[in-house]
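A structural model of the following input is requested.
(one chain, ligands or ions: 2)
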Amino acid sequence: MLDKGALDQKQLEQIAVAARLLRRGGIVAFPTETVYGLGADATNTDAVQKVYTIKQRPADHPLIVHIGHMAQLDIWALEIPEAARLLARHFWPGPLTLILKRSAHIPDCVTGGQDTVGLRIPAHPVALELLNMIGPDKAIAAPSANRYGRISPTAAVHVRNTLSNKIDMILDGGTCNIGLESTIVSFENDAVFLLRPGGISVSAIESVLSKPVISYKNRKTAVRVPGAIPSHYAPATPLQLFHLPELVQTAIKLAAQNLRVAVITWSDAGMSQFNVPYIQHVKMSSDPVRYGQQLYAVLHQQDQAAIDYILMETPPELPAWLAISDRLQRASQAYL
Ligand code: TXA
Ligand code: MG
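Ligands and ions are numbered 1, 2, ... in the order given. Predicted coordinates for the structure are as follows:
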């Protein structure tokens, strides 16, 4: 599982420093295949509290616990349903978080006081080596390494720009190759629920389970899942979604008022119409996997670029775009 060959000596030394910091209660930002995490020793209550403070995150929003080996599943969770084991075997290490009944090893502050815990094995050599080095009796509690409600970091520089003076170390592992957060599923009786679409598609999960996954939208839940709060994952710059004809009209209207507009599209139509002063056009990939990889980096760039408005083309209503649509809808909610 651990591809140490991908890491050079300098990286291994950096990871060893990070592991020591974590064991002493420090806070380390580290790369995963989805987004960068803001890590703390999951068994250290003070360290976990620091993560909430740095993120400015309400105490009742639980953190995901990252583990290094399948064998650790039974240390941190109890009464694990067979469907969860099946999914773990298929998709770990990978962008899938399983919500399971927590064991007594998990402090209250990690789970926001709930009786469940979110667990995943990340598929990034740096993250896996970090988990390996902190030891088999430890795990890393880590939300995305951004301020509460903001877009997640997909490169070390995104963390450096916003949190560097508040944390002990940033482990640089390059650009995250999924670029969107993990898919989160929970289990109840025989049913499997989707709490957040993400790096693993619903159809891939359904084909492993041979049964449908029930959408989080159809479920009443008292659990506070930030991804399920309408306004979230938002850049600091106002962002709105439009279909193409309206996107063109709105961009031209705003530019005529000397407002700087970033127009972000995926389709090939309408290109020349954005060739206007005050409009900066970013053409994204029309492939959802590539689009997902680029999305947060593009939004971070616009936040740095003193743009007044970000206008985005509504993504296609297709299953492969589900996680992207979910994030963009939440990002635009903040500015309606
Ligand atoms: O890809 C990811 O999942 C990244 C990387 C760092 O692993 N992490 C991430 O963490 O996105 P965060 O905290 O930004 O989002 C985790 C989501 C939150 O919406 C949280 O409420 C939910 O997972 N969550 C965690 N534990 C939960 C639980 N026990 N029950 C329900 N939701 C839970
Ligand atoms: Mg987050």
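
run through the stretch 151-300 of the chain and note the low-pLDDT ranges.
217-231, 270-271 (pLDDT under 70).

the helix ranked longest in the chain: which residues count as buried?
The longest helix of the chain (DSSP state H) is helix 288-304. Neighbour-count burial for helix 288-304, counted by 16 or more other Cβ atoms under 10 Å, picks out 288, 291-303. Where C-beta positions appear, they are placed from N, C-alpha and C, glycine not excepted.

which other helices and strands does it contact?
Contacts defined by 3 or more Cβ pairs under 8 Å, 6 or more residues apart in numbering; DSSP states H and E place helix 288-304 against helix 156-163, strand 261-265, helix 322-333.

what's the last one in contact with?
Residues lying outside helix 322-333 but in contact with it, judged by Cβ atoms under 8 Å, 6 or more residues apart in numbering, are 151, 180-181, 183, 196-199, 201-202, 227, 229-235, 239-241, 288, 291-292, 295, 299, 312, 314-315, 317.

from the helices and strands packed on helix 288-304, which stretch is densest packed?
Of all those, strand 261-265 has the most neighbours on average by mean count of other Cβ atoms under 10 Å, namely a mean of 23.

near ligand 1, which residues of the stretch 51-200 of the chain?
Contact residues (Cβ under 6 Å from any ligand atom) of the stretch 51-200 of the chain with ligand 1: 61-64, 95, 97, 99, 111, 114, 116-118, 122, 142-144, 181-182, 184, 195.

and these, which of them are in strands?
Counting by DSSP state E, these place I64, T97, I99, T116, V117, G118, I184, L195 in strands.

which single one of those residues is nearest to K166?
Using Cβ to Cβ, the shortest approach to K166 within these belongs to I64, at 19.9 Å.

what's the local residue count around the closest one?
Counted with other Cβ atoms under 10 Å, the neighbours of I64 add up to 25.

so the residue nearest to I167 when sequence neighbours are not counted versus A18, what's the distance?
Computed as Cβ to Cβ, 6 or more residues apart in numbering, the closest residue to I167 that is not its neighbour in sequence is I27, at 4.6 Å. Distance, I27 to A18, by Cβ to Cβ, to the nearest Å: 10 Å.

list the contacts for V289?
By Cβ under 8 Å, 6+ apart, the neighbours of V289 are A320.

kindly recompute the last result at 10 Å.
N177, I178, G179, L180, G199, A320, I324 (Cβ atoms under 10 Å, 6 or more residues apart in numbering).

just give the closest residue to the fifth one, not the sequence neighbours.
Spatial nearest neighbour of G199, chain neighbours left out: P95 (2.6 Å); criterion: Cβ to Cβ, 6+ apart.

so the one you found touches V185, yeah?
No. In this structure, P95 is not within contact of V185 by Cβ atoms under 10 Å, at 11.6 Å.

in a strand, L241, correct?
Yes. Assigned with DSSP: H, G, I helix; E, B strand; the rest coil, L241 falls within a strand.

I figured it was touching W266, is that so?
No. L241 is beyond contact range of W266, at 11.7 Å (criterion: Cβ under 10 Å).

ok so, going back, now for the residue nearest to I167: which residues touch it?
By Cβ under 10 Å, 6+ apart, the neighbours of I27 are 21, 38-41, 47-48, 50-51, 53-54, 142, 145, 163, 166-169.

before we move on, back to that, the longest helix of the chain and ligand 1 in contact?
No. Helix 288-304 is not in contact with ligand 1 by Cβ under 6 Å from any ligand atom; minimum separation 11.4 Å.

tell me what the next helix-or-strand element following that helix is packed against?
Using DSSP states H and E, the helix or strand that directly follows helix 288-304 along the chain is strand 309-313. Counting contacts by 3 or more Cβ pairs under 10 Å, 6 or more residues apart in numbering; DSSP states H and E, strand 309-313 is packed against strand 239-242, helix 244-256, strand 261-265, strand 279-283, helix 288-304, helix 322-333.
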